[in-house]
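Participant: quick one: sequence and predicted model below, then my questions.
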Amino acid sequence: MATELNAVRVQTEDFSVSDEYALIAGDNSDGAVVTFVGKVRDFNDGSTVSDLTLEHYPGMTEAVLNQIALEARERWPLNNVTIIHRVGTMALGEQIVFIGVTSAHRKAAFAACEFLIDFLKTKAPFWKLEAGDKGANWVEAKDADDQAANMWEKQ
Amino acid sequence: MINVLFFAQVRELLGQSKLAVEASESTVTAAGLRAQLAEKDDKWAKVLAADKLLVAVNQTISSWDTPVEDGDEVAFFPPVTGG
């Protein structure tokens, strides 16, 4: 059923968690709604961060996000899946990414939400440019993120 | 022509986001295209020599031995850091 229920959006504007929650949480067969929001934080690898600019590969990004949403559906019984990722420049504290998953049961919803953000971080073509006390720097990919995504490969 | 795209530091260091390359015997794989572009000058050689450089052929992350044909879109970029 339900592949049409994947909502994948890449946008410059902010999103409303309560609006996104309302869009996915209306189905009475779902006992669980899990959401994740990633934000711009004020430090990274010992530097102070003042803002963040997200670049992406238009077209490929949306394709990868749809693909990982489908992969999550193959692993767990899910109803609604929403993935929103912002691009452009974001100030400290702003929201960057939203993942929302609904399912009959919480274990599937929790696992799928974590899987989606782990895979998004290592597979979707986004790049972060940080501005802060050490000038503008491209964020380096972290081994820990690869390890988190690899954990799912083994299961 | 092969439609070549660059993103993030790769784009910034090369000073351009895209380039059209004529398909030839030396561009039949992603590795071949990379090697040909690296011959442009020292800057291109250095940027394209990055250990962690990734390539996407027609918007799919691919291995360096992936075939490349006339009309393909090939993108070079560093490891991704979204989320």
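Facilitator: Right, received. Where do you want to start? Quick caveat: nothing in here was measured; it's all calculated off a predicted structure.
Participant: does stretch B:13-33 come close to chain A?
Facilitator: No. Shown here: stretch B:13-33 not in contact with chain A (CB under 8 Å from any CB of the partner chain), separated by at least 9.9 Å. For glycine as for every other residue, the C-beta is placed from the backbone atoms N, C-alpha and C.
Participant: may I see the buried residues of that stretch?
Facilitator: B:13-14, B:21, B:27, B:29-30, B:32-33 (16 or more other CB atoms under 10 Å in any protein chain shown).
Participant: nearest to A:F43 among those?
Facilitator: Distance to A:F43 across the buried residues of stretch B:13-33 (CB to CB) is lowest for B:L13, with 25.8 Å.
Participant: show me what contacts the closest residue to chain B within chain A?
Facilitator: Per CB to the nearest CB, A:F126 is where chain A lies closest to chain B, at 2.6 Å. Contacts here follow CB atoms under 8 Å, 6 or more residues apart in numbering or on different chains; on that basis A:F126 touches A:54-56, A:61, A:85, A:87, B:80-83.
Participant: what about the residues you listed, which are in helices?
Facilitator: Among the contacts of A:F126, the residues falling in helices (DSSP state H) are A:T61.
Participant: just the buried residues out of the contacts of A:F126, in ChimeraX syntax.
Facilitator: Remark: buried members of the contacts of A:F126, expressed as a ChimeraX selection using 16+ other CB under 10 Å:
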select /A:54,55,56,61,85,87 /B:80,81,82,83
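Participant: pick out whichever of the contacts of A:F126 sits closest to A:R106.
Facilitator: Comparing the contacts of A:F126 against A:R106 with CB to CB places B:G83 closest, at 22.5 Å.
Participant: now the closest one: closest residue in space, sequence neighbours ignored.
Facilitator: With CB to CB, 6 or more residues apart in numbering or on different chains as the criterion, B:G83 has its nearest non-adjacent residue at 3.7 Å, and that residue is A:K121.
Participant: before we move on, which element is the one you found in?
Facilitator: Per DSSP states H and E: A:K121 is located in helix A:106-123.
Participant: how about stretch A:37-50 as CSV, C-alpha atoms only?
Facilitator: The C-alpha trace of stretch A:37-50 is given here as CSV (Å, rounded to 0.1, in the frame of the first residue of the first chain):
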residue,chain,number,x,y,z
VAL,A,37,14.2,17.2,14.5
GLY,A,38,17.9,18.0,13.7
LYS,A,39,18.9,21.6,14.7
VAL,A,40,21.9,23.9,14.1
ARG,A,41,24.0,23.7,17.3
ASP,A,42,26.6,26.2,18.6
PHE,A,43,29.7,24.0,18.4
ASN,A,44,31.4,21.4,16.3
ASP,A,45,34.8,19.7,16.8
GLY,A,46,35.9,22.4,19.2
SER,A,47,34.8,25.4,17.1
THR,A,48,32.1,27.9,17.8
VAL,A,49,29.4,27.9,15.1
SER,A,50,27.3,30.9,14.2
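Participant: give me the low-pLDDT residue ranges for chain A?
Facilitator: Residues of chain A that meet the criterion pLDDT under 70 lie in A:1-5, A:154-155.
Participant: could you report the pLDDT at the closest residue to chain A within chain B?
Facilitator: Residue nearest to chain A within chain B (CB to the nearest CB): B:G82, separated by 2.6 Å. Looking at B:G82, its pLDDT reads 96.
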